[in-house]
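Engineer: I would like to see how this sequence folds:
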Amino acid sequence: MIQKLISKIEQNNAPIVVGLDPMLSYIPKHVLEKAFGEFGETLEGAAEAIWQFNKAIVDATYDLIPAVKPQIAMYEQFGIPGMIAFKKTVDYCKEKDLVVIGDIKRGDIGSTSAAYATGHLGKVTVGNKSYYGFDEDFATVNPYLGSDGITPFIDVCKEENKGLFILVKTSNPSSGEFQDQFIDGKPLYELVGKKVAEWGEMCMGEKYSYIGAVVGATYPEMGKVLRKLMPKTYILVPGYGAQGGKASDLAPYFNEDGLGAIINSSRGIIAAYKQSTYESFGAANFADASRQAVIDMREDINQALSHKE
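Structural biologist: Numbering: from 1, shown residues only. Predicted coordinates for the structure are as follows:
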């Protein structure tokens with residue numbers, strides 16, 4: 001799956017992943033009204049609005065991007081109907097040949113970790129048959145519980161030819177409360193990065209491992225250090241745009257081959273029509289605004305990378 005991701009990045013000249021993290025406040029009034037007209041102001045109505053919103057954005061952008069990253073919490077808050085919308089979104093994106101990164105940030109041990117891995121990346125056995133659950137291509141995981149929490153995911157990834165992105169240094173302001181603490185003279189995020197690189201060595205594709213890392217765009221100096229520590233690790237970079245990360249900060253996350261990182265933007269793309277830059281599109285053409293935001297992001301990143309020292 002890492003090979004497919006790299007091929008699609010090169011094909012589209014776009015190291016971009018669109019975060020499908022819908023909130024009802026992002027959804028245009030006409031989409032909400034149609035969904036509520038059919039299902040009422042219910043969980044089912046909210047889920048229908050989310051699904052139609054996602055579908056329109058995917059239809060408008062799938063030919064420009066290699067991957068999407070639905071954040072499961074935005075769907076879970078609407079209960080079972082929300083989870084159905086999550087599954088419909090995953091399936092539809094795969095129909096469009098997009099790589100799907102399930103942003104689930106699971107972190108547990110033993111049989112629980114194995115069950116999470118099976119549910120999101122693998123197959124569950126029912127009697128004499130087996131079925132895929134959510135069936136994403138990659139999943140994000142939290143390594144706080146150590147190898148006991150990661151190994152079950154790696155086992156499923158090997159079996160299914162799928163991948164992981166493991167949290168190493170996150171983009172949020174308080175990440176340093178734990179991640180920046182020094183242990184034996186090194187910050188914790190460096191120790192986690194070295195461990196991710198070790199796990200990755202056991203799971204190599206042609207050039208890059210299918211065990212990747214999450215490193216926020218808001219800490220480019222740390223990103224530079226981690227890039228050197230994890231030369232064969234693909235880095236998923238959140239924090240661009242709405243969270244303050246700039247394209248000029250992104251060069252350290254890439255290797256000399258121009259690969260090695262994929263940059264996430266969520267509300268900067270899916271809610272683009274709400275920004276002054278794209279307000280001329282109007283709510284009726286929200287998906288077209290998202291398409292233009294992808295084009296602009298691609299140009300912004302590629303221009304920054306062309307000046308990489």
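Engineer: Where do the helices of the stretch 151-300 of the chain begin and end?
Structural biologist: Ranges of helices in the stretch 151-300 of the chain, per DSSP state H, counting those that start in this stretch, are 176-179, 188-201, 220-229, 267-270, 286-306.
Engineer: Go through the ones you listed and name the closest to Ala114.
Structural biologist: For those, proximity to Ala114 was assessed by C-beta to C-beta; helix 188-201 is nearest, at 16.3 Å. In short, each C-beta sits where N, CA and C put it, glycine included.
Engineer: Identify the residues contacting that closest one?
Structural biologist: Helix 188-201 has contacts (C-beta atoms under 8 Å, 6 or more residues apart in numbering) with 143, 147, 150, 154, 166-169, 178-183, 209-213, 222, 225-226, 229-233.
Engineer: Take those and keep only those in strands.
Structural biologist: Assigned to strands by DSSP state E, the following of the contacts of helix 188-201 qualify: Ile166, Leu167, Val168, Lys169, Phe182, Ile183, Ile211, Gly212, Ala213.
Engineer: can you put these in TSV and add pLDDT, neighbour count and distance to His120?
Structural biologist: Below are those laid out as TSV (pLDDT from 0 to 100; neighbours: other C-beta atoms under 10 Å; distance: C-beta to C-beta, whole Å):
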residue	pLDDT	neighbour count	distance to His120
Ile166	98	26	14
Leu167	97	22	16
Val168	96	30	20
Lys169	94	25	23
Phe182	96	10	34
Ile183	95	9	31
Ile211	97	30	15
Gly212	97	29	15
Ala213	97	30	18
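Engineer: For Lys55, see how far away the spatially most central residue of the chain is.
Structural biologist: The centroid of the chain falls nearest to Lys69 when counting by C-alpha atoms, centre = their mean (3.5 Å). According to C-beta to C-beta, to the nearest Å, Lys69 stands 16 Å off from Lys55.
Engineer: now Gly82
Structural biologist: Separation of Gly82 from Lys55 (C-beta to C-beta): 15 Å.
Engineer: Between the two, which has more neighbouring residues?
Structural biologist: For Gly82 versus Lys55, neighbours defined as other C-beta atoms under 10 Å are more numerous around Gly82 (22 against 16).
Engineer: hang on, isn't the more buried one packed against Ala73?
Structural biologist: No: Gly82 is beyond contact range of Ala73, at 9.5 Å (criterion: C-beta atoms under 8 Å).
Engineer: The closest residue to Ser265 other than its chain neighbours: what's it in contact with?
Structural biologist: Spatial nearest neighbour of Ser265, chain neighbours left out: Gly241 (4.9 Å); criterion: C-beta to C-beta, 6 or more residues apart in numbering. Neighbour list for Gly241: Ser265, Gly268, Met297 [criterion: C-beta under 8 Å, 6+ apart].
Engineer: Just among the residues you listed, which is most surrounded?
Structural biologist: Busiest of the contacts of Gly241 [other C-beta under 10 Å] is Ser265, holding 26 neighbours.
Engineer: Glu279 versus that residue, what's the distance?
Structural biologist: For Ser265 relative to Glu279 (C-beta to C-beta), the value is 18 Å.
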